[in-house]
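J.: Structure here, sequence nowhere to be found:
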Ligand SMILES: Nc1nc2c(ncn2[C@@H]2O[C@H](COP(=O)(O)OP(=O)(O)OP(=O)(O)O)[C@@H](O)[C@H]2O)c(=O)[nH]1
Ligand SMILES: [Mg+2]
């Protein structure tokens, strides 16, 4: 089992954080946890501090700036500095089944640089997701796949394990994308860096508590980004000449 850091970005997740962290500590006790909270007004940061005080395997990073992408990038920098073998990222809202993480960590290694917990491969199980969102995610993924030349089925999944080796090669300071576009950009960059990507079917349940931070603007922004990348010829795999 590789040494690992699990990055958990949080913003206003006071109703789900403790449960998610509890499950994490239970399912991968050897991995340390870094909660990155951006001054949530609902007390998530204080709750995170309390959890960290009770468990030496948990650390909290409090930031004043806001942003999912920059929170995760900061987590990557910490993991790289700590010299762990693998860095995992999972949402705090309990949507993704944490139980898969042990298997994901085992899969990452010499041969594999990114393991994606995938909702859209056979065996993936998506619950309580409104039909509209389901279609949007699948159509969006199909569009991004075609434009960017990759066969990753769930480019937008936020539950992933990266090899630290591949993250060291990412230009973290130059990356500006956020939210859904951030997930797609990283998958493409890993492929461009020659990293092998593996998808594992995950059980996904739409968040039951708390408020979504993803809005229509982010979805449209992602669509625009993917289209721009396509126009600029940015692809996971170079186009094969006919
Ligand atoms: N640190 C930090 N975390 C964030 C920020 N925005 C979102 N998050 C966290 O990132 C994770 C994903 O956000 P969600 O709101 O669940 O996004 P989503 O899964 O697309 O939307 P839902 O369908 O509502 O679950 C959650 O753990 C959030 O708390 C942010 O600005 N800063
Ligand atoms: Mg969510």
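T.: In hand now; what should we look at? Every value quoted in this text rests on a predicted model; they were computed, and no experiment measured them. Numbering: from 1, shown residues only. Ligands and ions are numbered 1, 2, ... in the order given.

J.: Who are the packing partners of the top helix by length along the chain?
T.: Determined from DSSP state H, the single longest helix within the chain is helix 131-148. Packing partners of helix 131-148 (3 or more CB pairs under 8 Å, 6 or more residues apart in numbering; DSSP states H and E): helix 179-192, helix 216-231. All C-beta spots, glycine's among them, are computed from the backbone N, C-alpha and C.

J.: what do you get if the cut-off is 7 Å, keeping everything else the same?
T.: With contacts defined as 3 or more CB pairs under 7 Å, 6 or more residues apart in numbering; DSSP states H and E, helix 131-148 has these neighbours: helix 216-231.

J.: Which positions within the helix it packs on qualify as buried?
T.: Buried residues in helix 216-231, defined by neighbour count with 16 or more other CB atoms under 10 Å: 218-219, 221-222, 225-226, 229-230.

J.: first vs last residue of stretch 2-21, how far apart are they?
T.: End-to-end distance for stretch 2-21, by CA to CA, to the nearest Å: 20 Å.

J.: Over to stretch 78-93?
T.: End-to-end span of stretch 78-93 (CA to CA): 22 Å.

J.: can it be found next to ligand 1?
T.: Yes. Judged by CB under 6 Å from any ligand atom, stretch 78-93 comes into contact with ligand 1 at 91-93.

J.: Let me see the ranges of the helices in this protein.
T.: Assigned by DSSP H, the chain shows helices spanning 17-27, 44-54, 68-82, 101-107, 131-148, 164-168, 179-192, 216-231.

J.: Identify the spatial nearest neighbour of the most centrally placed residue in the chain, chain neighbours not counted.
T.: Computing the C-alpha centroid of the chain and ranking residues by CA atoms, centre = their mean puts residue 158 first, at 3.0 Å. Nearest non-adjacent residue to residue 158, counting by CB to CB, 6 or more residues apart in numbering: residue 91, 5.3 Å away.

J.: Tell me the bridge partners for residue 163.
T.: Residue 163 has these beta-bridge partners by DSSP bridges: residue 86.

J.: For the closest residue to ligand 1 within the chain, give me the pLDDT.
T.: Relative to ligand 1, the nearest point of the chain is residue 212 (2.6 Å; CB to the nearest ligand atom). Per-residue pLDDT puts residue 212 at 90.

J.: can you check residue 130 too?
T.: On the pLDDT scale, residue 130 is placed at 89.

J.: and it, how many neighbours?
T.: Residue 130 has 9 neighbours, counted by other CB atoms under 10 Å.

J.: ok, now residue 54?
T.: With other CB under 10 Å as criterion, residue 54 counts 8.

J.: Not counting residues beside it along the chain, what's closest to residue 94?
T.: Distance criterion CB to CB, 6+ apart; nearest residue to residue 94, sequence neighbours excluded, is residue 16 at 4.8 Å.

J.: Same question for residue 6.
T.: Distance criterion CB to CB, 6+ apart; nearest residue to residue 6, sequence neighbours excluded, is residue 88 at 4.5 Å.

J.: which residues touch that neighbour?
T.: Listed by CB atoms under 7 Å, 6 or more residues apart in numbering, the contact partners of residue 88 are 4, 6-7, 101, 104-105, 160-161.

J.: circling back to that earlier point, wait, doesn't the residue nearest to residue 94 sit right on residue 91?
T.: No. Counting by CB atoms under 7 Å, residue 16 does not reach residue 91; the two are 9.0 Å apart.

J.: how about the residues of the protein near ligand 1?
T.: Residues of the chain found near ligand 1 (CB under 6 Å from any ligand atom) are 9-11, 13, 36-38, 66-68, 71, 91-93, 95, 158, 207, 212-214.

J.: Can you pull the residues of this protein lying near ligand 2?
T.: Residues of the chain found near ligand 2 (CB under 5 Å from the ion) are 91, 93, 95, 207.
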